[in-house]
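Asks: The amino acid sequence is not available; the structure is as follows:
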């Protein structure tokens with residue numbers, strides 16, 4: 001890695017990400033939720049935000065660009081959002097209701113001049129029920145869903161609001177491009193290298209596949225989140241040992257997901273390790289396509305009982321939590337499932353024997369994974385651990401390591417797509433902060449590819465009914481009860497091999513202060529200061 005240039009503008013925070021490329025900066029980041037973390041939340045705002053201010057309390061939904069919202073009493077598909085007044089985009093234009101509508105249209109309205117097909121996948125899959133938006137007045141917008149959906153305010157944390165005026169300038173400068181779709185595509189490309197949101201940081205420079213730099217937005221509307229550092233440099237660095245070396249050599253101040261076997265060296269040099277249990281799952285997601293070996297529930301249960309997660313946690317130097325499901329016991333959505341995820345080798349072997357397998361008739365399964373990526377922790381060594389563990393239970397596991405963004409793209413293409421390369425399972429980690437991300441997108445017949453992330457085509461009318469009950473429960477207590485029933489049934493049917501909950505480890509310089517490691521997949525760079 002080349003030496004970084006000396007910054008002339010005050011205190012600069014240099015971060016090495018796990019992503020292999022700069023996440024998209026057009027307002028709808030790719031690269032999984034690492035994109036939201038590093039190019040979404042710093043540069044842009046959404047109607048609703050996650051509260052990332054506490055290390056002790058769960059992150060909850062709070063107002064963002066919207067100060068309040070409510071579903072219509074007469075029509076549960078209509079939501080009214082009241083907007084914060086006085087907010088400006090980085091280019092100086094005003095952020096009003098028309099900008100919200102414009103940002104909905106960019107991914108839902110094919111007739112819109114600014115329609116952005118490449119932004120659909122990372123947006124619509126996270127809020128598939130959103131249909132349209134319309135202006136009520138300058139500071140009131142109405143959003144419409146295709147069916148009643150109490151999850152919408154949470155889903156909207158993923159719709160980052162880009163500046164229509166700034167995009168229009170890019171579009172107007174391309175008058176020589178005659179084809180409207182091509183002109184819009186080029187305008188978005190130009191926007192990405194000179195983005196304009198309303199977030200706490202402004203884009204200062206962009207070098208594709210190399211780095212992006214931000215400058216503090218000292219006029220940010222939330223006084224508590226006006227940045228305390230002058231500049232941020234983000235560097236894609238997918239290999240854990242390379243990130244660790246960059247930190248130890250002083251080339252960066254902060255790395256995501258340090259190499260577990262380097263923790264002693266990192267601490268010995270005075271760096272700080274930050275980790276906190278997160279609503280984030282490291283799984284295998286099983287295929288239920290015709291011919292899949294995972295169609296037999298006994299096999300799915302056996303795999304979950306065959307893994308010694310305590311041993312894996314030790315191998316990762318403690319940097320994981322042991323799952324009992326998608327959410328932990330005690331969570332409002334827990335639901336007391338009848339299947340207990342634990343290490344029980346004899347029970348696992350018994351189930352496999354009942355399913356017709358044994359030492360002389362082994363089950364061949366193929367899993368696709370990546371060498372790095374957002375939330376993937378240490379994917380190759382962890383999958384190699386599973387490969388060895390499952391041998392004890394008569395599984396022969398083939399691992400196919402592909403590039404992270406290709407793996408993530410295939411998550412929506414599904415198990416039946418050629419991009420799955422014949423795999424019976426995919427290893428894409430996922431956030432479990434809200435009901436749709438945690439459960440619905442994996443178990444609904446309405447979220448099979450290419451709509452959302454039901455990669456394995458897990459379809460069951462019982463689950464559709466449970467989801468409908470949760471979606472149409474607008475009181476928190478009723479919704480939690482419905483989600484608890486859904487979670488219990490998910491664990492019992494086991495469409496996943498639950499391996500770990502991430503703790504989001506990062507190693508940071510002791511010069512950094514105000515780094516809050518929340519119980520969230522996300523983190524707020526705006527509160528960080530530097531000595």
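Replies: That came in fine, so what should we check first? Just so we're clear, the structure is a prediction, and the values are computed from it rather than from any experiment. Numbering: from 1, shown residues only.
Asks: Residue 393 - nearest residue in space that isn't next to it in sequence?
Replies: Sequence neighbours aside, residue 306 is the residue nearest to residue 393 in space, at 4.0 Å (criterion: C-beta to C-beta, 6 or more residues apart in numbering). Heads up, the C-betas are built off the backbone N, CA and C, glycines and all.
Asks: who are the neighbours in contact with the residue nearest to residue 451 when sequence neighbours are not counted?
Replies: Leaving aside its chain neighbours, residue 451 sits nearest to residue 128 (5.5 Å; criterion: C-beta to C-beta, 6+ apart). Taking C-beta atoms under 8 Å, 6 or more residues apart in numbering, we find residue 128 in contact with 446-447, 451-452.
Asks: mind redoing it with 10 Å?
Replies: With contacts defined as C-beta atoms under 10 Å, 6 or more residues apart in numbering, the neighbours of residue 128 are 145-146, 149, 155, 436, 440-441, 444, 446-447, 451-452.
Asks: Report the separation between the residue nearest to residue 393 and residue 313.
Replies: 16 Å (C-beta to C-beta, to the nearest Å).
Asks: now residue 138
Replies: Plainly put, residue 138 is 53 Å away from residue 313 if you go by C-beta to C-beta.
Asks: Of the two, give the one with the bigger neighbour count.
Replies: Summary of the neighbour comparison: residue 138 and residue 313, criterion other C-beta atoms under 10 Å, with residue 313 having more neighbours (16 against 12).
Asks: Before we move on, what's the pLDDT of the nearest residue to residue 456 once chain neighbours are set aside?
Replies: Counting by C-beta to C-beta, 6+ apart, residue 287 is the residue found nearest to residue 456 once chain neighbours are left out, at 4.5 Å. In the prediction, the pLDDT value recorded for residue 287 is 98.
Asks: Go ahead and confirm residue 287 touches residue 294.
Replies: Yes - with contact taken as C-beta atoms under 10 Å, residue 287 and residue 294 are classed as touching, separated by 6.0 Å.
Asks: what is in contact with those two at once?
Replies: Overlap between the contact sets of residue 287 and residue 294, as judged by C-beta under 10 Å, 6+ apart, is given by 365, 415, 424-425, 456, 458, 495.
Asks: for this structure, where's the lowest mean pLDDT among helices and strands?
Replies: Using mean pLDDT, DSSP states H and E, the weakest-scoring helix or strand in the chain turns out to be helix 121-124, at a mean of 80.
Asks: After that helix, which helix or strand is next?
Replies: For helix 121-124, the following helix or strand on the C-terminal side (DSSP states H and E) is strand 130-137.
Asks: Show me what that next one is packed up against.
Replies: Contact here means 3 or more C-beta pairs under 10 Å, 6 or more residues apart in numbering; DSSP states H and E; on that basis strand 130-137 packs against strand 78-83, helix 97-108, strand 140-145.
Asks: Contacts for the strand or helix carrying residue 205 next, please.
Replies: Assigned by DSSP H and E, residue 205 falls within strand 201-207. If you take C-beta under 10 Å, 6+ apart as the criterion, strand 201-207 is touched by 7, 9, 22, 25, 39, 41-44, 89-91, 191-197, 211-220, 225, 227, 229-233, 525-526.
Asks: Show me which of the residues you listed are buried.
Replies: Buried members of the contacts of strand 201-207, scored by 16 or more other C-beta atoms under 10 Å, are 22, 25, 39, 41-44, 89-91, 191-197, 212-217, 220, 225, 227, 229-233, 525-526.
Asks: Can you list which of those residues are found in helices?
Replies: Within the buried ones among the contacts of strand 201-207, membership in helices is found for 191-192, as judged by DSSP state H.
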